[in-house]
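Engineer: fold the following for me, if possible:
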Amino acid sequence: MPAPPESAGFQSQFRQRWGHLHDPHVRTLAWLLDAPDLLDASAPCWQGRIAGIGALSAATADWLTALDRAPAELHAFLAIPPSGIAPFTRLGRYAEKLLAFYLHRQGCLVAHGLQVRADAGTTIGEFDFLLRDGAALVHWEFATKLYLLEPSGDGRHADYFVGPNLADTLGAKIRKIMDRQLALSTHPAAQAVLPEPVAAAQALVKGWLFYHGATPLPPSGVSGAHCRGFWCTLDEFRAGPELTAAILPRLDWLAPARLPELAGSSRDALAAQLDARFAGDHMPQLVALLAPHDGWMVEIDRGFVVPNDWRRRAARRTAETCAK
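Structural biologist: Numbers count the residues shown, from 1 in each chain. Sure, this is the predicted structure:
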């Protein structure tokens, strides 16, 4: 694994811009709005089908700051109970709900999670977001994804970026969005739920890509400015440099971590925690490397620590995908 840097690029930028935010849900919302898109809107291969939030205005930055001071409205929208634990089991649904809150406050949200069903009740698909853009109705498909580059093949091939649980690949996700989900408004069953014809269908994709060793050029259509981290095996982590780090819960996988001053564990202590987790669960764990800053422990880099056999299983997964 790499030695922890003094300041990873995106983490440093995020801290400079949003380091004053305390509420974890407001911080994640700030990341969703301000982080680089995973797909490059200017790439010819997308034919204009990439959505973008654009540069945040000073008014939006001020609104996020005010929301952080009084987040009750956001918490109510997310249905967060008094315990403070967000009631989401899926990271994607949590991110969708945060974006829906923002779009609703912007006054452009027509519908969120609008399902399309066939006559027999079979679900055909779901519109993530229907938005008003001037007089036009626009369909957005939204995804937040984290993928690791499995280095047995070509880093320019999106199918070699695999999910931590090996359930999907970046290539498969892009094909699903572009070939199927963005075409939902053309399905005959969609006409029954649409208030008017859809003028444009676009994808908004946020996320992180993780690399083992040197970072190659990204696949065609992937933004070179994307958020990135590293991945390493448990043995590599254990043999790496001394550090302070913490395992991040799934709902904390998006925005750079900001933890209490005494949070974090040493390399050896964290390796022991990971060893115990991998004994019963083969899911890679996302770890934030931490450094003290203004009375907090802040993320300076991040990476997935994977079981020692994960690379072999990932190579088999990508070989099966690329053989199809």
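
Engineer: quick one: residues contacting the residue nearest to Gln202 when sequence neighbours are not counted.
Structural biologist: Distances taken as CB to CB, 6 or more residues apart in numbering put Ala51 closest to Gln202, at 3.8 Å, once the chain neighbours are dropped. (Each C-beta comes from the backbone N, C-alpha and C, glycine too.) By CB atoms under 8 Å, 6 or more residues apart in numbering, the contact set of Ala51 is Ala41, Val138, Trp140, Gln202, Ala203, Leu204.

Engineer: where's the fourth one, which helix or strand?
Structural biologist: Spelled out, it's Gln202. strand 200-211 (DSSP states H and E).

Engineer: that strand - contacts with which helices or strands?
Structural biologist: strand 136-149, helix 170-179, strand 227-233, strand 296-306 (3 or more CB pairs under 8 Å, 6 or more residues apart in numbering; DSSP states H and E).

Engineer: doesn't Asp301 make contact with Leu289?
Structural biologist: Yes - using CB atoms under 8 Å, Leu289 is in contact with Asp301, at 4.4 Å.

Engineer: ok, back up a step: closest one to Val193 among the helices and strands packed on strand 200-211?
Structural biologist: strand 136-149 (11.8 Å; CB to CB).

Engineer: give me the sheet partners of the closest one and which way each runs.
Structural biologist: In the sheet, strand 136-149 lines up against strand 123-133 (antiparallel), strand 161-162 (antiparallel), strand 200-211 (parallel) (DSSP bridges).

Engineer: which of the residues in it are buried?
Structural biologist: 137-149 (16 or more other CB atoms under 10 Å).

Engineer: would you mind measuring from Val222 to Thr215?
Structural biologist: 12 Å (CB to CB, to the nearest Å).

Engineer: comparing those two, which residue is more hemmed in?
Structural biologist: Higher neighbour count among Val222 and Thr215: Val222, with 22 against 14, using other CB atoms under 10 Å.

Engineer: would JSON lines of the contacts of Ala51 with pLDDT and distance to Gly264 be doable?
Structural biologist: Shown next, in JSON lines, are the contacts of Ala51 (pLDDT from 0 to 100; distance: CB to CB, whole Å):
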{"residue": "Ala41", "pLDDT": "96", "distance to Gly264": "37"}
{"residue": "Val138", "pLDDT": "98", "distance to Gly264": "43"}
{"residue": "Trp140", "pLDDT": "98", "distance to Gly264": "37"}
{"residue": "Gln202", "pLDDT": "98", "distance to Gly264": "40"}
{"residue": "Ala203", "pLDDT": "98", "distance to Gly264": "36"}
{"residue": "Leu204", "pLDDT": "98", "distance to Gly264": "33"}
